[in-house]
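Q: For reference, the sequence and a predicted model appear below.
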Amino acid sequence: MLVVMSHVASQADINRVCDTIRAMGYTPAPMPGAQRTAVGLVGNDGTVDDSLIVELPGVERVIHVSNPYKQVSREWKAEKSIVTIAPGVSFGGDDIPVIAGPCSVESEAQILAAARAVKSAGAVALRGGAFKPRSSPYSFQGLGKQGLELLSLAKRESGLAIVTEAMDDEGAHLVAEFADCIQIGARNMQNYSLLKTVGRIGKPVLLKRGMAATIQDLLLSAEYILSEGNPHVILCERGLRSFDSTSRNLFDLTAIPVVQQLSHLPIVADPSHGTGRRDKVLPMARAAVAAGADGVIVEVHPHPDKALSDGAQSLTPGQFEELMIALRRVADAVDRQIMGTVAAVG
Ligand code: PEP
Ligand code: MN
């Protein structure tokens, strides 16, 4: 429930509404706006009796949020949220940031080469997993803490913001020390204890859609993070499991405008996992920007044929450069811009 205060409501009126919400056993969330303040009621699962609220002085109207997700909904907050992961790197505005880097951090040479390559092509954040959720326990599981330290080194060298995955509660605290944005992978989208943990940590979160999750499931998972007091959530469409094995996943482009209608949170596209095939990444990245994505995340490896994970979908540095050129043209066609500058050659 959202209590919209009149534009002449006093601070005492707002406090009275907050006190009443508390007395009803819920938590008030005041949200000052340019014209008026709204006070959200947090903690209800179903419709709340508003009779104690509607008559209070300064209350203009009460909105009952109809969706099961509340704080992530457009009803709760009409204007788009901007999520900033590092100075100048924001998702949800007109400029489109591109996150790029290998699937996994493998060595110092590999991550530094990747960082240099993606930076010079115009990426503003470096991705790379130190903790890898692999389908097989015998596959490369990531370098762990050493991988995080290598990401820090790459950040110092390149200035790129770091996006890296946390797989469990304990790891989330460690990852938070090194990352600008904590990735929650598709396999963990419904790990509710991890969602609560990253909600409490408060750092920006990149929440990937589960491979068999509905959009409502995705938004409810985001709600877990916001309900712990962390509004810095970026959603990610990364493709769904389907019956068709010609691509690794079925990249759900429609999710981009659908999520943007339902939620104020930014949504980025991951055409690497979305397709699983290097030659399909460029067309689907272009399509995602055309569809209005708030960012793109792409796997790039200095030597994809030697990659320890997801080599088949990783771009070479040269292909990534081409992708960035193509994305700038598409962004221009839809009156937007790819964030960041391209390093001068020479
Ligand atoms: C990844 O980003 O490398 C990854 C494991 O992604 P997802 O969780 O979408 O499979
Ligand atoms: Mn990967």
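A: The structure has been received and is ready for your questions. Ligands and ions are numbered 1, 2, ... in the order given.
Q: now stretch 307-327, how far from the chain's geometric center?
A: 21 Å (CA atoms, centre = their mean, to the nearest Å).
Q: what's near enough to touch residue 163?
A: Shown in contact with residue 163 (CB atoms under 8 Å, 6 or more residues apart in numbering): 85, 99, 101, 125-127, 179-181, 183, 206, 297. Placement of C-beta: from N, CA and C, glycine included.
Q: Kindly recompute the last result at 10 Å.
A: 85-86, 89, 99-101, 125-129, 151, 179-183, 204-206, 234, 268, 297 (CB atoms under 10 Å, 6 or more residues apart in numbering).
Q: The host helix or strand of it: partners in the sheet, and parallel or antiparallel?
A: Residue 163 belongs to strand 161-165 when assigned by DSSP states H and E. Using DSSP bridges, the strands paired with strand 161-165 in its sheet are strand 125-127 (parallel), strand 181-184 (parallel).
Q: can you list these in CSV and add distance to residue 79?
A: Output for the strands paired with strand 161-165, formatted as CSV (distance: least, CB to CB, whole Å):
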stretch, distance to residue 79
strand 125-127, 24
strand 181-184, 22
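Q: Out of those strands, which is closest to residue 274?
A: strand 125-127 (14.5 Å; CB to CB).
Q: Do the closest one and ligand 1 come into contact?
A: No. Judged by CB under 6 Å from any ligand atom, strand 125-127 makes no contact with ligand 1; its nearest approach is 6.9 Å.
Q: Just want the residue of this protein that's nearest ligand 1.
A: Closest residue of the chain to ligand 1, CB to the nearest ligand atom: residue 185 (2.9 Å).
Q: Surely that residue is in contact with residue 142?
A: No. In this structure, residue 185 is not within contact of residue 142 by CB atoms under 10 Å, at 11.5 Å.
Q: any common contacting residues for those two?
A: 129, 131-133, 165, 167.
Q: hang on, residue 62 in a strand?
A: Yes. Assessed with DSSP: H, G, I helix; E, B strand; the rest coil, residue 62 lies in a strand.
Q: Tell me the spacing between it and residue 48.
A: Distance, residue 62 to residue 48, using CB to CB, to the nearest Å: 9 Å.
Q: Quick check: neighbours shared by those two?
A: 1, 41.
Q: Could you measure from the residue nearest to the spatial centre of the chain over to residue 99?
A: Centroid check for the chain by CA atoms, centre = their mean gives residue 234 as the closest residue, at 2.0 Å. Counting by CB to CB, the gap from residue 234 to residue 99 is 10 Å.
Q: about what we covered before: just the buried ones among the shared contacts of residue 185 and residue 142, please.
A: 129, 131-132, 165, 167 (16 or more other CB atoms under 10 Å).
Q: what distance separates the start and the end of stretch 26-42?
A: 6 Å (CA to CA, to the nearest Å).
Q: what about that stretch, average pLDDT?
A: Here stretch 26-42 scores 90 as its mean pLDDT.
Q: and if you look at stretch 246-264?
A: Stretch 246-264 comes out at a mean pLDDT of 97.
Q: For the stretch 1-150 of the chain, which residues are neighbours of ligand 1?
A: Residues of the stretch 1-150 of the chain lying near ligand 1 (CB under 6 Å from any ligand atom): 103, 129, 133.
Q: The second one touches residue 182, doesn't it?
A: No. In this structure, residue 129 sits apart from residue 182 without contact. The criterion is CB under 10 Å, and the distance is 11.5 Å.
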